[in-house]
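In: Turn this into a model:
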Amino acid sequence: MDNYPFLDSQINFDFMSEFSSFLNEVAKGDYTYKFSTDQIFPSRAELIEWVRKIAFDLGFAVVIIRSDTTTGEPERKTFILLGCERSEKYKPDVQPSVSGTRKCECPFRLRGKPKGQSWVFKVMCGYHNHELAETLYGHPFVGRLNVVEQSILVDMTKSQDTTYKTNKYRLLLLEIVRVTSIGLTFIAVFAFFSSERQNNFTWALERFKGLLLTSKGGPRVVVTDRDLTLMNVIDNVFPETYQMLYTFHIMKNVKAKCNMLVDNVEAWDVLMEV
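Out: Numbering: from 1, shown residues only. Coordinates of the predicted model:
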């Protein structure tokens, strides 16, 4: 190499250039400064909520990786370990999640522990080995309700009179229920309205549409109670969706319209079984 000093200089230049690029990339993915704080939190839940709020603004979701509580055993201590939702090892044979997120062993870690009656935490690793999301709106994990929101929802639901569509808040309830591939149902959306106007239904269904990350055309079938305003909005928001009516409401109308035409109890029972 002594006979070719320019090669030695070129190699050193290339190495320093690559090393500098590496440091820049690491710096871009390091968010330690965002979570560095001397703040003392009144509870474990408030610590987690603070961390998740910062993470949400940055574009990633935080999950509890591990936690423990002191039970009197000397080797056990109360702590909580938080990390990026992409912290686990990617398994190629596993179906991707609804959000499309793939695990990539992200090293981001925060460790929280009690301090007297309060909680504190420190950043163990503030680096992410992946790009952060531009937005997390519609993400199934961050869409979960917090404790306060759950309490409000339970309170409003308990106050609901489904017969007259009234509650102590004087709001109407729209409830959207979905069915899984194995026939199980789950509540997808709650919406409280001041009135059954078309713009209210449109707003609710547009928000619902934003949650359907894997369905470009929307649900294949929607079953309603034949609320004409709602049905018109469904046609506008989900034009490719086929609409059907609840059997319960069909039979309710049959009873209301045909009861006066059938005066024989046995004949009526046979009609209701059809």
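
In: going forward, measure contacts and count neighbours with C-alpha atoms only.
Out: OK.

In: and the one helix or strand residue 122 maps to, what's its mean pLDDT?
Out: Under the criterion of DSSP states H and E, residue 122 resides in strand 118-125. With pLDDT averaged residue by residue, strand 118-125 scores 93.

In: Okay, now the unreliable bits of this structure?
Out: Counting by pLDDT under 70, the low-confidence segments of the chain come to 1-28, 71-74, 90-102, 135-169, 213-217, 249, 259-260, 262-263, 265, 267-274.

In: hmm, back to that, may I have the strand holding residue 122 as CSV, with CA atoms only?
Out: Once non-C-alpha atoms are left out, strand 118-125 reads as follows in CSV (Å, rounded to 0.1, in the frame of the first residue of the first chain):
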residue,chain,number,x,y,z
SER,A,118,-45.1,7.4,43.0
TRP,A,119,-43.5,6.1,39.8
VAL,A,120,-40.5,7.1,37.7
PHE,A,121,-38.8,5.7,34.6
LYS,A,122,-35.6,5.8,32.6
VAL,A,123,-34.8,5.2,28.9
MET,A,124,-32.9,2.0,28.5
CYS,A,125,-32.8,2.3,24.7
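
In: Go through that strand and flag the buried ones.
Out: By neighbour count on 16 or more other C-alpha atoms under 10 Å, the buried set for strand 118-125 is 119-123, 125.

In: Tabulate those (a markdown table), appending distance to residue 233.
Out: Output for the buried residues of strand 118-125, formatted as a markdown table (distance: C-alpha to C-alpha, whole Å):
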| residue | distance to residue 233 |
| --- | --- |
| 119 | 48 |
| 120 | 49 |
| 121 | 48 |
| 122 | 50 |
| 123 | 48 |
| 125 | 48 |
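
In: by contact count, what packs against the strand holding residue 122?
Out: Strand 118-125 sits against helix 32-35, helix 44-58, strand 109-115, with contacts defined as 3 or more C-alpha pairs under 8 Å, 6 or more residues apart in numbering; DSSP states H and E.

In: what's that strand in contact with?
Out: The list of residues contacting strand 118-125 from outside it, by C-alpha atoms under 8 Å, 6 or more residues apart in numbering, reads 32, 35-36, 38-44, 47, 107-114.

In: In TSV: the helices and strands packed on strand 118-125, plus mean neighbour count.
Out: Formatted as TSV, the helices and strands packed on strand 118-125 follow (neighbours: other C-alpha atoms under 10 Å):
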stretch	mean neighbour count
helix 32-35	14
helix 44-58	16
strand 109-115	19
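
In: for those, which one sits closest to residue 193?
Out: Relative to residue 193, the nearest member of these by C-alpha to C-alpha is helix 44-58, separated by 27.8 Å.

In: If you count contacts, what does that closest one end up packed against?
Out: Helices and strands in packing contact with helix 44-58 are listed as helix 32-35, strand 62-68, strand 118-125; criterion 3+ C-alpha pairs under 8 Å, 6+ apart.

In: give me the number of residues near residue 107?
Out: Neighbour count for residue 107, taken as other C-alpha atoms under 10 Å: 17.

In: Repeat that for residue 76.
Out: When counting by other C-alpha under 10 Å, one arrives at 11 neighbours for residue 76.

In: which residues touch it?
Out: Contacts for residue 76 (C-alpha under 8 Å, 6+ apart) come out as 68-70.

In: which among these gets closest to residue 198?
Out: Nearest member of those to residue 198, counting by C-alpha to C-alpha, is residue 68, at 50.4 Å.

In: Quickly list what that closest one is bridged to.
Out: Using DSSP bridges, the bridge partners assigned to residue 68 are residue 79.

In: Settle this for me: it is touching residue 81, isn't it.
Out: No: counting by C-alpha atoms under 8 Å, residue 68 does not reach residue 81; the two are 9.1 Å apart.

In: Those two: who's more crowded?
Out: residue 81 (17 against 12).
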